[in-house]
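# the amino acid sequence is not available; the structure is as follows:
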Ligand code: NAD
């Protein structure tokens, strides 16, 4: 049978610049088995050793920055600087996690409870083979970051990169293969959703997927058949709220950045803006002014005049156009921007939108900022929460405490005050969606520990006679156990005394009679 291949396409020109053969389901299985065999050797290394080996890849990433940003730009259409941002954050995440990993992964001593003569510990052990499935919008960052966390935690990894950006997948494979101490512990496989499904069905020990909500649900369903734990970082429809005391000019500057960065192809893009009446006109004026300044186009020069590249995945164009049509059919007005030639758009500001429109309910993943006028903070929060998604949210106000109080009422797992998207790039802040935006988390301590399971143990000599737990385990100590329970946990002095005094009370005849009856009942 002829093997299928994936073409490397530059979305700005449609030109092919290479190809890779897709991994077959049998090869996927072999990769998982190989990583399972390699697991003891990698997990047996200390965290310090693993971090040391990963430092070698950190060096290579910096040495090869220009080649890397060039491949990412060719395959996604984003500017070289935007590609460098992916690389920069990947390195920052690796460096900061490596510095903290030994502390986070250290075994913890916990209380031994009633077992006074035992010592109890919790270790954070790696799962085994971690499957990492990544999307095309940040094909470098969202592949490398979870792979680094998985490796630091002691897992071996099978990574499946997106079929839309296969050149980046091949480049990542080459990078890992170039560090001999790391090469035996990571496999990169290439292919579409079917190859991803083959990976999920090859029984990895843990799955970390970043992608659309539909894909996340399909993977979670397939993984459930084998009880494989899943972390799923999925889509969003993030709201941004402008309160009456916000700096409208700064808000417009940075919400347009958040709406059009990577041509809106970011999970945490600003996809809905709610502005209170008194600030509405001023904010819209600034937003249009800012949006009109941004140019779209593509060049491989490191100095690019283009803030926005093309839409990377041609299938996305249909969704964007459908959202625009649905909104304008229902009365929305486009104040600036629109479709250009081929896969290009000029940044769009759309007003007179409401929640009957797909543009305000479904993930658009394009360079559109829909703005809705609201009465007040209450209405803004109610509308922000009227969504199936719950990834991130932003609130703008000169009163930072007030903004935080408002943001706390939004159902999202991550918020930012007076900025947009930026928290994604802060390594110590965990990130993970709620509702249709996913389960689990990535980044920071929580993100690293997601790649581990708690392993617990208790050590000590044989049970000691006077250990409270031994008293409880030996027959004939009912009253003593009641007295200990009362004295230690009794909630009032009266209760403590009542349970203790019972220990010294003589047995009543009635007690004995009812005990005999119960004994007879049991014997019968
Ligand atoms: P996608 O769901 O189409 O694909 C994601 C990955 O899953 C790809 O590698 C794909 O081949 C694979 N896949 C598809 N079907 C599969 C299956 N049945 N089994 C296993 N693997 C399968 O997503 P995309 O279009 O590549 O990425 C865009 C989406 O990702 C958007 O919804 C965006 O919001 C989301 N995203 C989320 C985050 C986050 O942190 N929450 C970050 C980036 C992107």
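Good, I have the coordinates. From a predicted model like this one, the values you see are computed outputs, not experimental measurements. Residues are numbered from 1 along each chain as shown.

# any idea which residue of the protein lies closest to the ligand?
The chain approaches the ligand most closely through residue 196 (2.2 Å), counting by Cβ to the nearest ligand atom. The way it works is simple: take the backbone N, C-alpha and C, and place the C-beta from them, glycine included.

# would you confirm that that residue contacts residue 160?
Yes. The criterion here is Cβ atoms under 8 Å, and residue 196 meets it with residue 160 at 5.2 Å.

# so what's in contact with the two at the same time?
Here residue 196 and residue 160 share the contacting residues residue 133, scored by Cβ atoms under 8 Å, 6 or more residues apart in numbering.

# now the longest helix anywhere in the chain: buried residues?
Counting residues, the longest helix found in the chain (DSSP state H) is helix 80-105. Neighbour-count burial for helix 80-105 flags 80, 82-91, 93-95, 97-98, 100-101, 104-105 (criterion: 16 or more other Cβ atoms under 10 Å).

# give me the contact status of it with the ligand.
No. Under the criterion of Cβ under 6 Å from any ligand atom, the ligand is not reached by helix 80-105; the shortest gap measures 11.3 Å.

# gap between that helix and the chain center?
Using Cα atoms, centre = their mean, to the nearest Å, the distance from the centre of helix 80-105 to the centre of the chain it belongs to is 15 Å.

# ok, then the element right after that helix?
Using DSSP states H and E, the helix or strand that follows helix 80-105 in sequence is strand 108-110.

# now the longest helix of the chain: mean pLDDT?
If you average the pLDDT over helix 80-105, you get 98.

# just stretch 169-176 next, same as before
Confidence over stretch 169-176 (mean pLDDT, whole number) is 98.

# next: stretch 180-196.
Averaging pLDDT residue by residue across stretch 180-196 gives 98.

# that stretch spans what distance, first to last residue?
26 Å (Cα to Cα, to the nearest Å).

# in that stretch, what's buried?
Neighbour-count burial for stretch 180-196, with 16+ other Cβ under 10 Å as criterion, is recorded at 182, 184, 185, 186, 187, 188, 189, 190, 191, 195, 196.

# check stretch 198-217 too.
So for stretch 198-217, counting by 16+ other Cβ under 10 Å, buried means 198-213, 215-216.

# likewise stretch 445-464?
Within stretch 445-464, the residues that qualify as buried are 445, 446, 447, 448, 449, 450, 451, 452, 453, counting by 16+ other Cβ under 10 Å.

# now the end-to-end length of that stretch.
Across stretch 445-464, first to last residue, Cα to Cα, it's 38 Å.

# is that stretch up against the ligand anywhere?
No. Residues of stretch 445-464 are not located near the ligand by Cβ under 6 Å from any ligand atom, the shortest gap being 10.7 Å.

# coming back round to it: the buried residues of stretch 445-464 in helices, which ones?
445, 446, 447, 448, 449.

# which one of those is nearest residue 323?
residue 447 (31.4 Å; Cβ to Cβ).

# returning to what we had before: save the buried residues of stretch 445-464 as a markdown table, and put in pLDDT too.
Listed next are these as a markdown table, based on pLDDT from 0 to 100:
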| residue | pLDDT |
| --- | --- |
| 445 | 98 |
| 446 | 97 |
| 447 | 98 |
| 448 | 98 |
| 449 | 98 |
| 450 | 98 |
| 451 | 98 |
| 452 | 98 |
| 453 | 98 |
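
# for the chain, which residues score under the pLDDT cut-off?
For the chain, residues meeting the criterion pLDDT under 70 lie at 1, 507-524.

# of the ones in helices among the buried residues of stretch 445-464, closest to residue 467?
Using Cβ to Cβ, residue 449 comes nearest to residue 467 of those, at 32.0 Å.

# what's near enough to touch the closest one?
Residue 449 is in contact with 104, 105, 124, 153, counting by Cβ under 8 Å, 6+ apart.

# number of residues surrounding the last one?
If I follow you right, that is residue 153. 27 (other Cβ atoms under 10 Å).

# what does the stretch 401-524 of the chain put close to the ligand?
Residues of the stretch 401-524 of the chain found near the ligand (Cβ under 6 Å from any ligand atom) are 433, 438.

# and the helices in the stretch 401-524 of the chain, which stretches?
For the stretch 401-524 of the chain, the helices identified by DSSP state H, counting those that start in this stretch occupy 444-449, 468-473, 478-489, 493-501, 509-523, in order along the chain.

# in stretch 335-350, what's buried?
335, 336, 337, 343, 344, 345, 346, 347, 348, 349, 350.

# report the two of those residues separated the most.
335 and 343 (22.5 Å).

# in the strand or helix carrying residue 281, what counts as buried?
Using DSSP H and E, the element containing residue 281 is helix 277-293. Of the residues in helix 277-293, those buried under the neighbour-count criterion (16+ other Cβ under 10 Å) are 279, 280, 282, 283, 284, 286, 287, 288, 290, 291.

# I'd guessed the fourth one sits against residue 248; true?
This means residue 283. Yes. Taking contact to mean Cβ under 8 Å, the distance of 4.7 Å between residue 283 and residue 248 places them in contact.

# overlap of the contact sets of those two?
What both residue 283 and residue 248 touch, as defined by Cβ under 8 Å, 6+ apart, is the set residue 242.

# any residues of the protein in contact with the ligand? List them.
Taking Cβ under 6 Å from any ligand atom as the criterion, the contact residues of the chain with the ligand come out as 133-138, 142, 160, 162-163, 192-193, 196-197, 200, 210-212, 215, 218-219, 233-236, 267, 363, 365, 391, 433, 438.

# of those residues, which belong to strands?
When the residues of the chain next to the ligand are checked against strands using DSSP state E, the ones located there are 133, 160, 210, 233, 438.

# residue 372 - that's part of a strand, no?
Yes. Residue 372 forms part of a strand when assessed by DSSP: H, G, I helix; E, B strand; the rest coil.

# ok, the residue lying closest to residue 424 once chain neighbours are set aside - contacts?
Nearest in space to residue 424, with sequence neighbours left out and distances taken as Cβ to Cβ, 6 or more residues apart in numbering, is residue 268 at 5.6 Å. Remark: with contacts taken as Cβ under 8 Å, 6+ apart, residue 268 is in contact with 236, 238, 258, 391, 392, 414, 420, 421, 424.

# list buried residues within these.
Restricting these to buried positions leaves 236, 238, 258, 391, 392, 414, 420, 421, 424, with burial counted as 16+ other Cβ under 10 Å.
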